[in-house]
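In: just to be clear, the model below is a prediction. Sequence and coordinates:
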Amino acid sequence: MTETSQPRIEQALATVRREIDCVEAELTAFRRFRTTLVSIEPTVGAAGTVDASAGGLSALGARQAKPDAGLRAVREAYRETVMAVPHFEAEYDDSLEANLSTEFGPELGTQIATATRLTPQLYEALLTASAGARDERETLLPALERERESLESVRETLDDCERRGAALGANARRTTDPARLDDIDDELADIEADCEAAATARQQRLHGRSAAALSGIDGTSLVRYLYGDRSVTCPALADIVACLDTIRRHRRHCLVSTA
């Protein structure tokens, strides 16, 4: 059987699969964090309120020496869930404050890491922000799964095109019969059309509007997110072009041989 190779798609699939694993782990972690969070009671008292409009501690909120039980529980829950995902050290390796700030914004992240009281305002802000982090993963995950399916579909098409094209190309080099070469060229033209259809479908996926775009994730932004640091930022299209080049080379041989 003819060997096929889609190196850029294989690299892209490895990237997408790793990202799916990471996002699944983070989604589970944020769900667990939220489950713990709703069981924690905010501190209702006098000193140290939060200015909800500015997101910071008020001038009256002099910090105590130690955080209250609510804040300690929040920090412990965050460390045991979000900061405990298997890829945390490799991907982030942040301090508590740095990671909280990345996920929830610098003002809220700093408050959770450095304040002394889990006021109702701070608690409500944390509930909202953690729901947003969870929802972001819930939106991203199906987009990643669609990208994986798209890459696998293109790879399957190209593998088939390459196998058929290689067999026809070998047959073309074994004959000088003009009629047979014309037949081979017709079959190669069909394969070329299959490749072009795959390219069109892939481009539509990257640039067409979809339901995902309504949540801020479209094909173009997803590709930048996944492959933006690569030398080839459209891996499937790059492998399609390589396959098309091979098929067209076989077609040129047929045309030259019948001239």
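Out: Structure received. Residues are numbered from 1 along each chain as shown.
In: quick check: buried residues in stretch 93-103?
Out: Leu96, Glu97, Asn99, Leu100, Ser101, Glu103 (16 or more other C-beta atoms under 10 Å). The way it works is simple: take the backbone N, C-alpha and C, and place the C-beta from them, glycine included.
In: what of stretch 227-241?
Out: Tyr227, Cys234, Pro235, Ala236, Leu237, Ala238, Asp239, Ile240.
In: gap between the fourth one and Pro7?
Out: Using C-beta to C-beta, to the nearest Å, one gets 12 Å for the distance from Ala236 to Pro7.
In: how about Val23?
Out: 25 Å.
In: rewinding a little: mind listing which of the buried residues of stretch 227-241 are in helices?
Out: Within the buried residues of stretch 227-241, residues falling in helices by DSSP state H are Tyr227, Pro235, Ala236, Leu237, Ala238, Asp239, Ile240.
In: which residues of the stretch 151-259 of the chain score low on pLDDT?
Out: Counting by pLDDT under 70, the stretch 151-259 of the chain shows low-confidence ranges at 208-219.
In: what strand or helix carries Thr139?
Out: helix 120-172 (DSSP states H and E).
In: how far does that helix sit from its chain's centre?
Out: 7 Å (C-alpha atoms, centre = their mean, to the nearest Å).
In: again with stretch 109-122
Out: For stretch 109-122 - counting by C-alpha atoms, centre = their mean - the centre lies 31 Å from the chain centre.
In: ends of stretch 82-92, how far apart?
Out: From its first residue to its last, stretch 82-92 covers 11 Å (C-alpha to C-alpha, to the nearest Å).
In: contacting residues around stretch 21-28?
Out: For stretch 21-28, contacts defined as C-beta atoms under 8 Å, 6 or more residues apart in numbering pick out Val82, Val85, Pro86, His87, Glu91, Arg134, Arg137, Glu138, Leu140, Leu141, Leu144.
In: would you write a ChimeraX line that selects the buried entries of those residues?
Out: The buried residues among the contacts of stretch 21-28 can be selected in ChimeraX (16+ other C-beta under 10 Å) with this line:
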select :82,85,134,137,140,141,144
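In: closest to Val256 out of the contacts of stretch 21-28?
Out: Leu144 (45.3 Å; C-beta to C-beta).
In: so how far is Glu136 from the nearest residue to that closest one once chain neighbours are set aside?
Out: Nearest non-adjacent residue to Leu144, counting by C-beta to C-beta, 6 or more residues apart in numbering: Ile20, 5.0 Å away. Per C-beta to C-beta, Ile20 is found 15 Å from Glu136.
In: repeat that for Glu97.
Out: Distance from Glu97 to Glu136, by C-beta to C-beta: 20 Å.
In: in three-state terms, label Arg117 for me.
Out: coil (DSSP: H, G, I helix; E, B strand; the rest coil).
In: my read: it touches Pro67, true?
Out: Yes - contact criterion C-beta atoms under 8 Å: Arg117 and Pro67 qualify, at 7.5 Å.
In: of the two, who's got more company?
Out: Arg117 (24 against 20; other C-beta atoms under 10 Å).
In: for the residue lying closest to Cys161 once chain neighbours are set aside, give me its contacts.
Out: Excluding the flanking residues, the one nearest Cys161 by C-beta to C-beta, 6+ apart is Ile191, at 5.0 Å. Counting by C-beta under 8 Å, 6+ apart, Ile191 touches Cys161, Arg164, Gly165, Leu168, Ile247.
In: any idea how many residues pack against the fourth one?
Out: It stands for Leu168. 22.
In: my guess is it contacts His250. True?
Out: Yes - counting by C-beta under 8 Å, Leu168 touches His250, with 6.3 Å between them.
In: between these two, what contacts are shared?
Out: Ile184, Leu188.
In: that older thread, between Val23 and Pro7, who's got more neighbours?
Out: Val23 (20 against 12).
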